[in-house]
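Engineer: give the three-dimensional model of this entry:
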Amino acid sequence: MTDTDLVRQLISRLARLDGDAGRSEGLNPAQSMALEYLARANKFSRQPSHVAEYMGSTRGTISQTLKALREKGLIAEVRSETDRRSVSYELTSRGRTILAQSNALNSAFNELSAKELSQLERSLQVVLNTSLRSNGLKPFGVCKTCTHFAPRTEGGFCNLLSLPLERSETEKLCVENA
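Structural biologist: Purely as a prediction, here's the structure:
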């Protein structure tokens, strides 16, 4: 067995353990991931197609996933004021409460030093981005790291969308990140 095989197996096992953590709330791994994505996504990146793109899944599958989360009271549908056909999602207070709950994987990460955790995050980000690109998918990035981002005293400005950004939005994932 190569080192690469071992690392992949460790990641797979950790993913399985993390996916099982949501089972106590009746969430399957896809629902847990969608909920986590919506919590991290900026207000421009919460449409079903964005969730599907992030998760590398079909829109039909994500539609069912979002429907289940809505029925469980974990997310709410938000209709666009300019185009009533356009829908996005946001977490409910119950959804935020569930995400705030710690699990065994979070506890294990807390055992790492800040330096170890930072190194692990950087390494996994490189592996993820390389894997996404090789599969024809794009990595989502945090708004403030985007080439379209312009910092401002009270947040920022998206030059692509020509819109001001609140400070909290600059730390969130964006589907348009370049």
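Engineer: the residue sitting nearest the centre point of the chain - nearest residue in space that isn't next to it in sequence?
Structural biologist: In the chain, the C-alpha closest to the average C-alpha coordinate belongs to residue 37, at a distance of 2.6 Å (C-alpha atoms, centre = their mean). Nearest-residue entry for residue 37: residue 54, 5.2 Å, with adjacent residues in sequence omitted and distances by C-beta to C-beta, 6 or more residues apart in numbering. (Each C-beta comes from the backbone N, C-alpha and C, glycine too.)
Engineer: name the element residue 137 belongs to?
Structural biologist: Taking DSSP states H and E as the criterion, residue 137 maps to no regular element, lying outside all helices and strands.
Engineer: tell me which other helices or strands the helix or strand encompassing residue 94 touches.
Structural biologist: Of the helices and strands defined by DSSP H and E, residue 94 is found in helix 93-100. Helix 93-100 makes packing contacts with helix 29-40 when contacts are defined by 3 or more C-beta pairs under 8 Å, 6 or more residues apart in numbering; DSSP states H and E.
Engineer: good, wrapping up.
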